[in-house]
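Chemist: pasting the structure only:
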């Protein structure tokens, strides 16, 4: 029996132009599709409500694959046009100025109230089949440096906001669970804020080296990333439902690393690294694993053939229970 009860891929709407995803995923034993939008929660909600979104719900249900939605959402949850009337809702930059660029001021009760209400509205539009929601902070963007937030690390600030987002979402879905994304500056345990019951930790070790297993002691980059991961897990009080968000099939990551060439390079998929990583994540207690598979859609298939969905699924199934 596999250790991983949730085995998924994360795609953007453009990837879904290739109609092979769901049948290939089902054949590979995968049971979860997460649809991601890096720039606009509103755009993802428009897609979910569109005929294409409705067809995706129906098609995924037919093959037994759950559907979830994952936008970077805070810029949409706190409308930027509120800055003129409520500058205290917005983050302070390192120069001590309030700016309406990214995220918000987590110490502002008014900002958190608006975000919670907006999250409730968004939850009515981005409806998962699992009661698991993802309304992430702005992608890798800075947090607040105002005097009230000075004692809060980035992980604390993110967690404080996500606790409020969960309150909002639960006015719509009483069974809701919400991701607290550990990523870049938040890839560290909270220091002074505790996660509300119903949050789950989602770990995205994007600073790792993809060419070596995460526990490969000969890779200095991965030695450091694994140490950060262990520190993160040791500092989290709730690990039930924790999820890994990896990049084993993420063509967009490798494309950027290659200098964004006009022609998509072949994905440097390494099954040995995948299997060794999965064994490590199983040992660490994760039971949910998702890999980005962005930019492996129609253009990639036309140039290089089908992506290694089958190999990925078989590896997740082969990781035994401990």
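Modeler: Nice, I can see it. Predicted, not measured: the structure shown is a model, and the values here were computed from it.
Chemist: and residue 240, what pLDDT?
Modeler: pLDDT, the model's per-residue confidence, is 85 for residue 240.
Chemist: and it, what does it touch?
Modeler: With contact taken as C-beta atoms under 8 Å, 6 or more residues apart in numbering, residue 240 is in contact with residue 200. Where you see a C-beta, it was placed from the backbone N, CA and C, and this is true even at glycine.
Chemist: ok, the residue lying closest to residue 314 once chain neighbours are set aside - contacts?
Modeler: Closest residue in space to residue 314, ignoring its immediate chain neighbours: residue 28 at 6.5 Å, by C-beta to C-beta, 6 or more residues apart in numbering. Applying C-beta under 8 Å, 6+ apart, one finds that residue 28 lies in contact with 309, 310, 312, 313, 314.
Chemist: Among those residues, which one is most surrounded by other residues?
Modeler: Neighbour counts for these (other C-beta atoms under 10 Å) peak at residue 312, which has 26 neighbours.
Chemist: Which other helices and strands does whichever strand or helix holds that residue contact?
Modeler: Assessed by DSSP states H and E, residue 312 sits inside helix 309-318. With contacts defined as 3 or more C-beta pairs under 8 Å, 6 or more residues apart in numbering; DSSP states H and E, the packing partners of helix 309-318 are strand 6-11, helix 21-27, helix 271-284.
Chemist: Identify the residue nearest residue 164 in space, chain neighbours excluded?
Modeler: Computed as C-beta to C-beta, 6+ apart, the closest residue to residue 164 that is not its neighbour in sequence is residue 112, at 4.2 Å.
Chemist: ok, how many other residues are close to the one you found?
Modeler: The number of residues near residue 112, taken as other C-beta under 10 Å, comes to 22.
Chemist: Residue 143 and residue 161, how far apart?
Modeler: In this view, residue 143 and residue 161 are 9 Å apart by C-beta to C-beta, to the nearest Å.
Chemist: ok so, going back, could I get the contacting residues of the residue nearest to residue 164?
Modeler: When contacts are counted by C-beta under 8 Å, 6+ apart, residue 112 touches 106, 160, 161, 164.
Chemist: of all these, which comes closest to residue 12?
Modeler: Sorting these by how near they are to residue 12, with C-beta to C-beta, puts residue 161 at the top with 23.8 Å.
Chemist: could you say what helices and strands the strand or helix carrying the closest one packs with?
Modeler: Counting by DSSP H and E, the element that carries residue 161 is helix 154-169. In this structure, helix 154-169 makes packing contacts with helix 109-123, strand 177-182, strand 199-203, judged by 3+ C-beta pairs under 8 Å, 6+ apart.
Chemist: residue ranges with poor pLDDT in the chain?
Modeler: Counting by pLDDT under 70, the chain contains low-confidence ranges at 1, 237-238, 320-322.
Chemist: What are the boundaries of the strands in it?
Modeler: Counting by DSSP state E, the segments of the chain that form strands are 6-11, 32-37, 66-71, 132-133, 177-182, 199-203, 243-246, 288-292.
Chemist: Return the distance of the residue of the chain most remote from its centre relative to residue 128.
Modeler: Computed with C-alpha atoms, centre = their mean, the maximum C-alpha offset from the centroid of the chain is found at residue 85, amounting to 31.9 Å. Using C-beta to C-beta, one gets 33 Å for the distance from residue 85 to residue 128.
Chemist: Please name the nearest non-neighbouring residue to residue 265.
Modeler: Nearest one to residue 265, counting by C-beta to C-beta, 6+ apart, is residue 258 at 5.3 Å.
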